[in-house]
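*Asks:* I would like the atomic coordinates for the input below:
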Amino acid sequence: MTSDCDKKHKGAPASNYYLSVGSQTDRSIIIQKVDLASSLQTGKVPFLSTAAMIIYMEQCCVSLIDPNLPFGYDTVSTEMNVRHLHTAKLGEEVICRAHLKFMEGKKLFFDVAMVNKKGESIGIGAHERYIVCHNTFVEEHGG
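*Replies:* Numbers count the residues shown, from 1 in each chain. Down below sits the predicted model:
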């Protein structure tokens, strides 16, 4: 099955697609052993690694936008800027939040945050994603 973007090669979805500025989603996450700096070898401490925090933030953004993109479209990460402010330990439940701050053509700009159950910020940041035609992008980049 082909999508409109496949037919148009590098077509962008219509400007009135299903995403809307101000959209937000929250994801509950339980910190696993694989998320720890000591497991990922990004440090020796047994706390949430910055790398895992960034992955969760990206996944949260994707979960907000993917259901709202027309068939055949996808997004790719283009920029991430975060500050890791507080620890999170093994088994701790945290909330990851993504907020679509604004759109500029095919660029999507998000505010991202991770907070613990006490309401303390574990991490905050900004994330940018770019809308692409999935098949065209994969073909052009040797996938």
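
*Asks:* the longest helix in the chain is where?
*Replies:* Criterion DSSP state H: the longest helix present in the chain is helix 50-65.

*Asks:* other SSEs contacting that one?
*Replies:* Under the contact definition 3 or more CB pairs under 8 Å, 6 or more residues apart in numbering; DSSP states H and E, helix 50-65 sits against strand 24-30, helix 37-40, strand 73-84, strand 93-104, strand 107-116, strand 121-133. (Glycine included, C-beta is placed from N, CA and C.)

*Asks:* Could I get the average pLDDT for it?
*Replies:* This predicted structure assigns helix 50-65 an average pLDDT of 97.

*Asks:* tell me which residues in it are buried?
*Replies:* 52, 53, 54, 56, 57, 58, 60, 61, 62, 64, 65 (16 or more other CB atoms under 10 Å).

*Asks:* swap in stretch 38-50?
*Replies:* When neighbours are counted by 16+ other CB under 10 Å, the buried residues of stretch 38-50 are found to be 47, 48, 49.

*Asks:* rewinding a little: reformat the helices and strands packed on helix 50-65 as a markdown table; add mean pLDDT.
*Replies:* Output for these, formatted as a markdown table (pLDDT from 0 to 100):
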| stretch | mean pLDDT |
| --- | --- |
| strand 24-30 | 97 |
| helix 37-40 | 97 |
| strand 73-84 | 97 |
| strand 93-104 | 97 |
| strand 107-116 | 97 |
| strand 121-133 | 97 |
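
*Asks:* and the residue lying closest to residue 48 once chain neighbours are set aside, how many neighbours?
*Replies:* In space, and not counting its chain neighbours, residue 48 is closest to residue 88: 4.0 Å by CB to CB, 6 or more residues apart in numbering. Summarising burial for residue 88: neighbours were counted as other CB atoms under 10 Å, giving 25.

*Asks:* Quick check: pLDDT value at residue 88.
*Replies:* According to the per-residue confidence, residue 88 scores 98 in pLDDT.
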